[in-house]
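Visitor: this is a predicted model, with the sequence first.
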Amino acid sequence: MSIAESSSVPGSGTLGVSAEGVSRRFGTVHAVEHIDFNAPAGKVTALIGPNGAGKTTLLLMLASLLRPDSGTIRVNGLDPLHDSAAARLRIGWMPDTLGVWESLTAREILVQMARFYRLPKAGIAQRVAELLELVRLDTLADQPARVLSRGQQQRLSLARALIHDPSVLLLDEPASGLDPGSRVELRNLLRSLAAEGKAVVVSSHVLSELDEIADGAVFVSQGRTVKQQTLEEAALQGRRYAITALDNEALTAKLSELGLEYRVEAGRRTAVTLLLTHDDGAAALLGELVRSGIGVVSFAPAAGALEETYMNLDTERR
Amino acid sequence: MSNVTETVPGPAGPQGTTGGGNAVVGYLGGIRDVVVLEMKQRLRSRGWYIMLGIWFFVIAVVTWLTWLAWNASMEARRSTMPPSALSQQDGAGSMIFEVVLAFVLLFALLVAPALSANAINGDRAGGTLAILQITLLTPGQILWGKFCAGWLAALAFLATSSPFLVFGMFQGGLTPGHVVVSLLMLAVELAVVCGIGVGISALAGRPLFSIVVTYLVVAALVVGSLISFALGAQLAQGTVLANSPASRSVLYAPVQPNQQGQPIEPAQPGYTCEGPLVEHPAVRTERVAWMLALNPYVVVADAIPYPDRSGTGFYTVGMIEGISQGARSALAGPDHTYLCANGVPQPQYLQQTTPLWPLGLGLQLLLTGLLMWLGWRSLRTPASRLASGTRIA
């Protein structure tokens, strides 16, 4: 449906949201410096970076709320600076601050948003009911928003961003405050939204979550794009595996015999970690260890693929 | 999850922006939606009703005390003066009306900033302003919506106090026209203060700061206008061409009511002007009268009509009439108030028909419009400059 909608837009070859050489400073602080960013339609793109890296500033510029000092932004090929109404119809934005009207009920908030987007009046009630069901707030729909928990408000905020069925979704820390069950739901929801052809941008710190959700990731640090890679690329760069065995001595002896570089990690259970370049190597190593009679208890990636990249970034962290 | 897209708003541009008439309807519709959102929030807060209750109670007490005071003073007058000397036209109504009106205006000036001066930056602090800005609402719609909501809330206070003005009317000496004009002017003054508050709240970072600044602006209008007029008058020293009054009989007509209680002598000057025109030092108040005009009390009092009293020698001037006469004589300046200015005897009673309130209201609306315009600029998105110390979201 969304693809059909977007294809009517001029320049449908540039679906999704992109930024080119975008800079923005506040006074003397360079919040964003010459960032290139591309989130194609039909994919979930993660925006990853330490606190204060400029993620929220970048999202605000993509959401047409903040004017970049330089650089260009395209939302489905539209320039939000000149065609803001058309761009805004296509942008769904979920802020990191919740910002709910506390005395209104969840249903009233969504109805108000629908009116602000000038949706046809006849369809509003049904649309709101659908969204409330989608984010599992249908039983709380007529409670004032102030009695909702943080996670529930977060889900309400997501429903608010979806009210006008935007083709570009900009979500600032959508998973914060969600319980594990809601996180899984959010993950499924975002995947299905991307499958419908929407461009989904998610900024988050929870990197292990993003491994499951994201198709690609953009790493920013100190206002600059540090790295842009797809999940496949991230997986190919090799990742660290953690191995625990009944007899750690035998394990380390065997690893030394195989000529592998390893590290003994201090933790609740002593584990050995080592960097393996691809999954085939990992499978081969596991077979070798088992065949040589070492009681392997666990053999698993020590960190997610994106976390690996994040930790390997050379830039200093603030 | 396919139900997400079952009802698609469609890629068509915002409805209501196609035709010229539709654009206006769409614009007003957006304002109405913002007003609905604001009013829902206000009407659900308990503090609002408590404030209305206190307001009603205080004005009721003031009305009652004024009524008691008037009755007591009438008792005293009856015991010392012959009944014929008592003016018939000034019933209890006029005094109650004036006191209540002054009180309502005072309270309105105190309440309106509280209702309006956190409209924008309060939302900004709560993170809900950007939620509005990301939608199809334009900065103008947000600003006008916030203004109308604040004004409507303030008008509710005015409506609560209107029974007491009507009560004053029924006590005699007043017409419904007085009540209508004064309610209208109070409503306009509320709009001015609400507009100032909303404009400042869009400019200032913190709600506390903008509320204080709005109160200071209101104080500047009420007290500052008087002070600056007084100081400005000292700087507006000038001269007026006048000759000397020659006493014809007595300078002032004696107050001698006849049998009907009406004065026999009209209040025309009892002198002629003779001699060469000489420059006399005088305060050219007309140059600084605009400062006085900024005062909300002057605007309201000057707009309320009262009869021409130039034919009557004996009358009691009410507070409203007194303010209006004072303001108009300041506007007239020494050319019309100085004895024998330009060799013409000036009547003791100023027949100044040029009202001062349109000038005052115009200046107030200019100030409000300027602040609203600056506020509108700060609401535009994509925002290029942010108020210092604020985040857009």
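Guide: Alright, I've got the coordinates. Residues are numbered from 1 along each chain as shown, chains lettered A, B, ... in the order given.
Visitor: where does the prediction get shaky in chain B?
Guide: Low-confidence segments of chain B, defined by pLDDT under 70, are located at B:1-20, B:81-93, B:247-270, B:310-317, B:347-353, B:387-393.
Visitor: remind me, longest helix of it?
Guide: Of all the elements of type helix in chain B, the one with the most residues (DSSP state H) is helix B:46-80.
Visitor: what is the burial count for residue 60?
Guide: The chain I'm using is chain A. Applying other Cβ atoms under 10 Å in any protein chain shown, we find 28 other residues in the vicinity of residue A:60. Heads up, the C-betas are built off the backbone N, CA and C, glycines and all.
Visitor: wait, chain B
Guide: Applying other Cβ under 10 Å, we find 16 residues neighbouring residue B:60.
Visitor: equivalent analysis for residue B:63, please.
Guide: Counted with other Cβ under 10 Å, residue B:63 comes out at 22.
Visitor: the longest helix of chain B: what's the following helix or strand?
Guide: Using DSSP states H and E, the helix or strand that follows helix B:46-80 in sequence is helix B:92-116.
Visitor: which residue, neighbours along the chain excluded, lies closest to residue A:128?
Guide: Closest residue to residue A:128 apart from its sequence neighbours, by Cβ to Cβ, 6 or more residues apart in numbering or on different chains: residue A:110 at 4.3 Å.
Visitor: checking the one you found next. Helix, strand or coil?
Guide: Secondary structure, DSSP: H, G, I helix; E, B strand; the rest coil: residue A:110 is helix.
Visitor: how close does residue A:120 sit to chain B?
Guide: As for residue A:120, its distance to chain B is 7 Å (criterion: Cβ to the nearest Cβ, to the nearest Å).
Visitor: tally of neighbours for that residue?
Guide: When neighbours are counted by other Cβ under 10 Å, residue A:120 registers 13.
Visitor: just give the closest residue to the residue of the stretch 201-318 of chain A found nearest chain B, not the sequence neighbours.
Guide: Per Cβ to the nearest Cβ, the residue of the stretch 201-318 of chain A with the smallest distance to chain B is residue A:203, at 13.1 Å. Leaving out its chain neighbours, the residue that sits closest to residue A:203 by Cβ to Cβ, 6+ apart is residue A:47, at 4.0 Å.
Visitor: which stretches in the chain count as strands?
Guide: I went with chain A, as the question did not name one. Taking DSSP state E, the strands of chain A run over residues A:17-26, A:29-39, A:44-48, A:70-75, A:91-94, A:168-172, A:199-203, A:216-221, A:224-230, A:239-245, A:263-265, A:271-276, A:296-301.
Visitor: switch to chain B, that's the one I care about
Guide: B:237-247, B:271-283.
Visitor: most tightly surrounded among these?
Guide: Stretch with highest mean neighbour count among these: strand B:237-247 (a mean of 16; mean count of other Cβ atoms under 10 Å in any protein chain shown).
Visitor: and that one, what other elements does it pack with?
Guide: For strand B:237-247, the helices and strands in contact under the criterion 3 or more Cβ pairs under 8 Å, 6 or more residues apart in numbering or on different chains; DSSP states H and E are strand B:271-283, helix B:334-337.
Visitor: want to try JSON lines for the ones you listed, with distance to chain A as columns?
Guide: Supplementary listing: the helices and strands packed on strand B:237-247 in JSON lines, determined by distance: least, Cβ to the nearest Cβ, whole Å:
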{"stretch": "strand B:271-283", "distance to chain A": "50"}
{"stretch": "helix B:334-337", "distance to chain A": "54"}
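Visitor: nearest to chain A: which residue in chain B?
Guide: Here chain B gets closest to chain A at one residue, residue B:127, 3.0 Å apart by Cβ to the nearest Cβ.
Visitor: any figure for the gap between that residue and residue A:147?
Guide: The span separating residue B:127 from residue A:147 equals 18 Å under the rule Cβ to Cβ, to the nearest Å.
Visitor: which parts of chain A are helices?
Guide: For chain A, the helices identified by DSSP H occupy A:2-7, A:55-62, A:84-90, A:106-116, A:121-134, A:150-162, A:180-195, A:207-213, A:231-236, A:248-257, A:279-291, A:305-312, in order along the chain.
Visitor: to residue B:376, which of those helices lies closest?
Guide: Distances from residue B:376 to each of the helices of chain A were compared by Cβ to Cβ, and the smallest falls on helix A:84-90, at 15.5 Å.
Visitor: pull that closest one out as CSV, backbone CA atoms only.
Guide: What follows is the C-alpha trace of helix A:84-90 in CSV, where atoms were taken according to Å, rounded to 0.1, in the frame of the first residue of the first chain:
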residue,chain,number,x,y,z
SER,A,84,7.2,20.9,4.4
ALA,A,85,3.5,20.0,4.3
ALA,A,86,4.0,17.3,1.7
ALA,A,87,7.1,16.0,3.5
ARG,A,88,5.3,15.9,6.8
LEU,A,89,2.5,13.8,5.5
ARG,A,90,5.2,11.2,4.8
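Visitor: rewinding a little: who does the longest helix of chain B touch, helix- and strand-wise?
Guide: In this structure, helix B:46-80 makes packing contacts with helix B:92-116, helix B:139-170, judged by 3+ Cβ pairs under 8 Å, 6+ apart.
Visitor: do the shortest one and chain A meet?
Guide: No: counting by Cβ under 8 Å from any Cβ of the partner chain, no contacts exist between helix B:92-116 and chain A, the nearest distance being 16.0 Å.
Visitor: what about chain A, any weak spots by pLDDT?
Guide: If you take pLDDT under 70 as the line, chain A has these spans: A:1-14, A:267-269, A:314-318.
Visitor: the same query, at a cut-off of 50, please.
Guide: Segments of chain A classed as low confidence (criterion: pLDDT under 50) are A:1-12, A:315-318.
Visitor: need the helices for the stretch 251-393 of chain B, in chain order.
Guide: Remark: helices of the stretch 251-393 of chain B, listed N- to C-terminal, are B:289-293, B:296-303, B:319-332, B:334-337, B:357-379; assignment by DSSP state H, counting those that start in this stretch.
Visitor: how far is the first one from where the chain is centred?
Guide: Taking Cα atoms, centre = their mean, to the nearest Å, the mean C-alpha location of helix B:289-293 is offset from the chain mean by 13 Å.
Visitor: which outside residues touch it?
Guide: Counting by Cβ atoms under 8 Å, 6 or more residues apart in numbering or on different chains, helix B:289-293 makes contact with B:225-226, B:228-229, B:232, B:298-299, B:327, B:330-331, B:333, B:356-357, B:359-360, B:363, all of which sit outside it.
Visitor: same thing but at 6 Å, please
Guide: B:225, B:228, B:229, B:232, B:298, B:327, B:330, B:331, B:356, B:359, B:360 (Cβ atoms under 6 Å, 6 or more residues apart in numbering or on different chains).
Visitor: in CSV, list the strands of chain B along with distance to residue A:238.
Guide: As requested, the strands of chain B are exported to CSV (distance: least, Cβ to Cβ, whole Å):
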stretch, distance to residue A:238
strand B:237-247, 90
strand B:271-283, 91
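Visitor: ok, residue A:117 to residue A:66 distance?
Guide: Counting by Cβ to Cβ - residue A:117 and residue A:66 are separated by 20 Å.
Visitor: pull the contacting residues for the closest residue to residue B:291 other than its chain neighbours.
Guide: Nearest non-adjacent residue to residue B:291, counting by Cβ to Cβ, 6+ apart: residue B:229, 4.3 Å away. Residues in contact with residue B:229, defined by Cβ under 6 Å, 6+ apart, are B:288, B:291, B:292.
Visitor: out of the residues you listed, who's nearest residue A:241?
Guide: Distances from these to residue A:241 were compared by Cβ to Cβ; the smallest belongs to residue B:291, at 81.5 Å.
Visitor: count of residues packed around the closest one?
Guide: Using other Cβ under 10 Å as the criterion, the residues surrounding residue B:291 number 22.
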